[in-house]
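[1] no sequence for this one, just the structure:
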């Protein structure tokens with residue numbers, strides 16, 4: 001009997017394709033910037049006009065730890081990093097919505113504006129403020 005051998009496939013050297021880092025393909029003209037500033041951290045969220053989240057960051061995510069997360073410097077850095085990502089997407093104008101009582105309220109917005117060439121339409125403060133609330137209980141008689 002004659003032996004038949006299957007043809008041997010030779011390994012072909014293939015070039016590895018270089019993959020570019022992922023960038024957002026979404027183009028955006030208008031958006032909303034939500035800044036939540038507490039005593040311990042500052043969070044910033046960029047959404048489109050309907051409220052769908054696009055990019056978010058916080059002082060803790062940038063590597064600040066402990067009490068440094070609540071500083072105005074950390075908040076400015078958060079604003080700057082979001083501004084760079086927003087300009088890549090082609091953002092032109094934003095509405096800013098600020099909430100909280102921390103020290104990074106204003107500096108996050110200033111950092112955002114300093115990096116990007118983005119116009120601010122409005123700034124709204126939606127910090128909840130108590131207005132005395134319900135009537136307290138009567139004192140207990142013993």
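    The structure has been received and is ready for your questions. Predicted model only: the values in this text are computed from it and were never measured.
[2] mind checking the SS state of the closest residue to residue 46 other than its chain neighbours?
    Nearest residue to residue 46 in three dimensions, chain neighbours excluded: residue 55, at 4.6 Å (CB to CB, 6 or more residues apart in numbering). C-beta: built from backbone N, CA, C; applies to glycine. Here residue 55 is recorded as strand under DSSP: H, G, I helix; E, B strand; the rest coil.
[3] quick one: residue 55 from residue 141, how far?
    58 Å (CB to CB, to the nearest Å).
[4] between the two, point out the one with more neighbours.
    A direct count of neighbours by other CB atoms under 10 Å for residue 55 and residue 141 places residue 55 higher, at 21 against 4.
[5] quick one: contacts for the more buried one?
    24, 45-46, 82, 85-86 (CB atoms under 8 Å, 6 or more residues apart in numbering).
[6] now a PyMOL select for only the buried ones of those.
    Applying 16 or more other CB atoms under 10 Å to those, the buried members can be selected in PyMOL as follows:
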select buried, resi 45+46+82+85+86
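[7] residue 122 belongs to a strand?
    Yes - using three-state DSSP, the assignment for residue 122 is a strand.
[8] which residues in this protein form helices?
    With helices called from DSSP state H, the chain shows them at 72-88, 105-115.
[9] run the angle between the longest one and helix 105-115 for me.
    Just to be clear, that refers to helix 72-88. Here the directions of helix 72-88 and helix 105-115 differ by 40 degrees (axes from the mean of the first three to the mean of the last three CA atoms, to 10 degrees).
[10] what about helix 72-88, average pLDDT?
    Mean pLDDT, helix 72-88: 92.
[11] can you give me every residue that contacts the residue nearest to the spatial centre of the chain?
    Centroid-nearest residue in the chain: residue 56, 1.7 Å away (criterion: CA atoms, centre = their mean). Residues in contact with residue 56 (CB under 8 Å, 6+ apart) are 43-46.
[12] show me what it is bridged to.
    Beta-bridge partners recorded for residue 56 (DSSP bridges): residue 45.
[13] per-residue pLDDT, it?
    94.
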